[in-house]
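Visitor: Just to be clear, the model below is a prediction. Sequence and coordinates:
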Amino acid sequence: MIHNKFSKLLIILNIIIFFSNCQLKIPLKYFPYYKYNDSTPSTIFLGLVKQQLYANIEIGTPKRTIQIPLVFDSNDFYIADSPKNEYESDRFNDLMFYNSTSSSSYDGDEEDEDYYSYQGDLFEVATYQKDKFYFNNTEYIINFYVPISYREVNSGGVGMLLLPYTDNTDSTPDRTKTFYEKLRKLGLVKEYYWSIFYNSTKASREEEGFLLLGALPHEMNSDLGFFKQGYFSEKYIKTVNIAEVGQAFKISFDMDSLTAYEGINKNKKIEDFSSKLSSYKRIELDYHSGGVIAPGSLRAYYHRVFEIYFINGECFNETTTKKSITFYYCKNNKETISKIKISFPGINFISNDLNYSFTLDSEDLFIEEKGYVFCLLYFSSSTRWMMGKPFLRKYPFTVNIDEKYFTFYYNTDLERPSSNDDNDPDKGISVTSLWIIVCCTVVIISILSFLIFRFCLYEKYFKKKRANELDDDNYDYTAKNDKTDGLNINN
């Protein structure tokens, strides 16, 4: 009887978990595209801006964490089987790799029609395998491709699309084999949304964050990175369709005005570029970039800020040979850096589509590394703005990969967290968040206690007693005084 009641309880708990956990958080971490090389400022800078964003995935038996990059312009979900020795000599490969031979739950699926024939965007031939994955502390069996030969060697790829964006691709035409559709089939996510949040307001070399899948930010009853619960509001959502840029999937939008201001003083304008916007009004989001690429025609406004420090050897500018990008850096002299930040041109650009005025200034764009301070705003021959971490940390976007649009919260009544805020996770949790956590914990424990009591203990202790419960041990008998007490029966 108790076993049957306990089974009912488990069913109810599974239903509650299914409907309450229709979103998933996957830890993320940045690594450089090329191996670390701190021999020159140029190679240090490349390590800061030329990066890849990796997902930490738990897989196999025994469970181990592997690191595979997100791929934003493909829908292939594949995991490379220990390809470390096949990497190009200068490619970063200090990663945690998958190794099928070390997992007892690994299994090939030879009945799949694409077992030895599938070609992906980044590999030539792949087998179709399956293994245990772990999400929300629960095991799931999931299939994935394992490349045999590569077009570009990597530890794998979490394709962020459902279907190929254009016909000019080798992505799988079967959306049921994509990472997102597999999670949806398992009930781990409900909607086709993804967002990326960062754990800290401060820039760092191997930055960490997480991928939120299946929900819009305002639907989450928790902090999202350094954005506190309640920051995102449904009434402030703006939606923009994702346009095709060339033959690739790019999240982009156009700006309608652009001005530069001095330092962090937004009211002290230096220049209004709005009349010249036709040549560089497009903004693209690049989640693999550690910096911000600005149109080369704007470099003169930043060059003059650093130029006065070239003579005494405090600051420098270089153009890399590998990517032909021009950047600025200085020795880590606090006094010099403070002066530069005061005059460094901040930028303010307005998007009418998103109903928002975006800003980037020295507080967002400087990072200390290996005895230098680097400016993460750099320049190329491109006419587009390519917005990486300094921008994306400050302004989160949410993408719907099924309907191909992205959303942005334009709540101008709240200040965006900055690197000077007390919102940094390193400084601890807020009192409000602590109270919410305590209250939620109490409610959950109360519900679980009630369910356990109702289905497992109620009948045992509170049903009316049956005949077999009428035991002498349950009662206290006291003998009555007989009427003959004290009488001599012989009389």
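Guide: Here it is on my side, so go on.

Visitor: Find the residue closest to residue 356 in space, skipping its chain neighbours.
Guide: residue 410 (4.3 Å; Cβ to Cβ, 6 or more residues apart in numbering). Every residue, glycine included, has its C-beta placed from N, CA and C.

Visitor: what residues are up against that neighbour?
Guide: 236-238, 354-356 (Cβ atoms under 8 Å, 6 or more residues apart in numbering).

Visitor: 10 Å - rerun?
Guide: Residues near residue 410 by Cβ atoms under 10 Å, 6 or more residues apart in numbering: 233, 236-238, 351, 354-357, 395.

Visitor: Can I get those in JSON lines including secondary structure and neighbour count?
Guide: JSON lines is the format used below for those (DSSP: H, G, I helix; E, B strand; the rest coil; neighbours: other Cβ atoms under 10 Å):
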{"residue": "233", "secondary structure": "coil", "neighbour count": "14"}
{"residue": "236", "secondary structure": "helix", "neighbour count": "17"}
{"residue": "237", "secondary structure": "strand", "neighbour count": "16"}
{"residue": "238", "secondary structure": "strand", "neighbour count": "16"}
{"residue": "351", "secondary structure": "strand", "neighbour count": "20"}
{"residue": "354", "secondary structure": "coil", "neighbour count": "22"}
{"residue": "355", "secondary structure": "coil", "neighbour count": "12"}
{"residue": "356", "secondary structure": "strand", "neighbour count": "17"}
{"residue": "357", "secondary structure": "strand", "neighbour count": "15"}
{"residue": "395", "secondary structure": "coil", "neighbour count": "18"}
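
Visitor: need these in JSON lines with distance to residue 250 and pLDDT, can you?
Guide: Putting the contacts of residue 410 into JSON lines (distance: Cβ to Cβ, whole Å; pLDDT from 0 to 100) gives the following:
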{"residue": "233", "distance to residue 250": "28", "pLDDT": "92"}
{"residue": "236", "distance to residue 250": "24", "pLDDT": "93"}
{"residue": "237", "distance to residue 250": "21", "pLDDT": "95"}
{"residue": "238", "distance to residue 250": "18", "pLDDT": "95"}
{"residue": "351", "distance to residue 250": "16", "pLDDT": "94"}
{"residue": "354", "distance to residue 250": "16", "pLDDT": "94"}
{"residue": "355", "distance to residue 250": "21", "pLDDT": "92"}
{"residue": "356", "distance to residue 250": "19", "pLDDT": "94"}
{"residue": "357", "distance to residue 250": "23", "pLDDT": "93"}
{"residue": "395", "distance to residue 250": "17", "pLDDT": "96"}
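
Visitor: quick one: which of these is nearest to residue 124?
Guide: If you rank the contacts of residue 410 by distance to residue 124 using Cβ to Cβ, residue 395 comes first, at 38.3 Å.

Visitor: quick one: the nearest residue to the closest one once chain neighbours are set aside and residue 258, what's the gap?
Guide: Leaving aside its sequence neighbours, residue 395 sits nearest to residue 358 (Cβ to Cβ, 6+ apart; 6.3 Å). Applying Cβ to Cβ, to the nearest Å, the value for residue 358 to residue 258 is 10 Å.

Visitor: Can you check which residues contact both of those two?
Guide: Common neighbours of residue 358 and residue 258 are listed as 347-350 (criterion: Cβ under 10 Å, 6+ apart).

Visitor: sorry, back to before: can you redo the contacts of residue 410 as CSV with distance to residue 417?
Guide: Putting those into CSV (distance: Cβ to Cβ, whole Å) gives the following:
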residue, distance to residue 417
233, 16
236, 16
237, 19
238, 20
351, 20
354, 19
355, 20
356, 16
357, 17
395, 11
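
Visitor: quick one, what contacts residue 77?
Guide: 68, 71, 120, 142-145, 156-160, 172, 177-182.

Visitor: Who's the closest spatial neighbour of it, skipping the chain neighbours?
Guide: Once flanking residues are discounted, residue 77 sits nearest to residue 179: 4.0 Å by Cβ to Cβ, 6+ apart.

Visitor: Could I get the full set of helices for this structure?
Guide: 2-20, 41-49, 179-185, 299-307, 334-343, 362-365, 389-394, 431-452, 458-462 (DSSP state H).

Visitor: so what secondary structure elements neighbour the fourth one?
Guide: Of the remaining helices and strands, those touching helix 299-307 by 3 or more Cβ pairs under 10 Å, 6 or more residues apart in numbering; DSSP states H and E are strand 257-262, strand 315-319, strand 326-331, helix 334-343, strand 345-351, strand 372-375, strand 377-380.

Visitor: farthest-separated two in the contacts of residue 410?
Guide: 233 and 351 (18.8 Å).

Visitor: still on that earlier bit, so which of the helices and strands packed on helix 299-307 has the densest surroundings on average?
Guide: Counting by mean count of other Cβ atoms under 10 Å, strand 377-380 has the highest mean neighbour count of those, with a mean of 23.

Visitor: quick one: low-confidence ranges for the protein?
Guide: In the predicted model of the chain, residues 1-21, 108-117, 165-169, 244-248, 323, 412-415, 418-444, 448-491 satisfy pLDDT under 70.

Visitor: hmm, 80 instead?
Guide: Where the chain drops to pLDDT under 80, the residues are 1-21, 108-118, 164-173, 243-249, 275-279, 321-323, 381-383, 412-491.

Visitor: Would you agree residue 48 is in contact with residue 32?
Guide: Yes: contact criterion Cβ atoms under 10 Å: residue 48 and residue 32 qualify, at 7.8 Å.

Visitor: Find residues that contact each of the two.
Guide: 205, 290.

Visitor: how far away is residue 56 from residue 178?
Guide: From residue 56 to residue 178 the distance is 19 Å (Cβ to Cβ).

Visitor: out of the two, which sits in the busier spot?
Guide: Between residue 56 and residue 178, counting by other Cβ atoms under 10 Å, residue 178 is the more crowded of the two (23 against 16).

Visitor: Compute the number of surrounding residues for the spatially closest residue to the more buried one that is not a sequence neighbour.
Guide: Nearest residue to residue 178 in three dimensions, chain neighbours excluded: residue 75, at 4.6 Å (Cβ to Cβ, 6+ apart). By other Cβ under 10 Å, 29 other residues sit near residue 75.

Visitor: mind listing what residue 75 touches?
Guide: The neighbours of residue 75, taking Cβ under 10 Å, 6+ apart as the test, are 120-121, 157-165, 169, 171-175, 177-181, 249, 401.

Visitor: Could you measure from it over to residue 160?
Guide: According to Cβ to Cβ, residue 75 and residue 160 sit 8 Å apart.

Visitor: Please enumerate the shared neighbours of those two.
Guide: Each of 178-180, 249, 401 lies in contact with both residue 75 and residue 160 under the rule Cβ under 10 Å, 6+ apart.

Visitor: from these, which is closest to residue 368?
Guide: Top of the list for closeness to residue 368, among the shared contacts of residue 75 and residue 160 and by Cβ to Cβ, is residue 249 at 34.4 Å.
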